[in-house]
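A.B. asks: starting from these lines, generate the structure:
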Amino acid sequence: MSRATEETNRRMLRARDAMDRAYDQPLDVPALARIAHVSPAHFTRTFRATFGETPHRYLQRRRVERAMFLLRETDRSVTDICFAVGFGSPGTFSRTFHDIVGRSPRDYRKKAEPVAVPTCFTKAWTRPSAPAD
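C.D. replies: Next comes the predicted model:
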């Protein structure tokens, strides 16, 4: 792997780590591109080439993963969880959740059961997969 590729990967990881830390905050491509020290257009192209999905889709998936945990493990309302994980409207949250998980948040909650296994296994088993493009 060339030095330039390694540096690009480090920059993309830096931005992805920022998304993981602040998934519940409003994040936009220009802000993430500044973290990676590249232009917004270059950031989007490079992020997708590096991680296989756009920054926006990665952030949505990360938010849905957190919502899945909250739906399984708490009795907070779906609307409260929607805003807690960074979505701006319950409609967008429900539509995105359904697109990624395959069922509505309410249906997911009804059928999900807390499991007594280590969290790392639960995350791996319940992680929504990125759709093939």
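
A.B. asks: what number of residues lie near the closest residue in space to Phe43 that isn't next to it in sequence?
C.D. replies: Nearest non-adjacent residue to Phe43, counting by C-beta to C-beta, 6 or more residues apart in numbering: Ala33, 3.8 Å away. For the C-beta atoms, the positions are set from N, CA and C on the backbone; glycine is no exception. Ala33: 21 surrounding residues under other C-beta atoms under 10 Å.

A.B. asks: swap in Gly88?
C.D. replies: Neighbour tally, Gly88, other C-beta under 10 Å: 10.

A.B. asks: ditto for the one 5 residues further on
C.D. replies: Using other C-beta under 10 Å, Phe93 has 23 other residues around it.

A.B. asks: cool, the one 4 residues further on as well?
C.D. replies: Residues contacting Phe97 under the criterion other C-beta under 10 Å number 28.

A.B. asks: pLDDT weak spots in this structure?
C.D. replies: The model of the chain has pLDDT under 70 over residues 114-116, 119, 121-123, 125-126, 129-133.

A.B. asks: quick check, central residue of it?
C.D. replies: Nearest residue to the geometric centre of the chain (C-alpha atoms, centre = their mean): Arg62, 1.7 Å.

A.B. asks: okay but that residue is in contact with Asp17, surely?
C.D. replies: No - Arg62 lies out of contact with Asp17 (C-beta atoms under 8 Å); the separation is 11.2 Å.

A.B. asks: count of neighbours near Leu27?
C.D. replies: So Leu27, with other C-beta under 10 Å, has 18 neighbours.

A.B. asks: quick one: residues contacting it.
C.D. replies: With contact set as C-beta atoms under 8 Å, 6 or more residues apart in numbering, Leu27 has these partners: Ala18, Met19, Leu59.

A.B. asks: with Ile35 instead?
C.D. replies: Listed by C-beta under 8 Å, 6+ apart, the contact partners of Ile35 are Arg14, Ala15, Ala18.

A.B. asks: that concludes my questions; thank you for your assistance.
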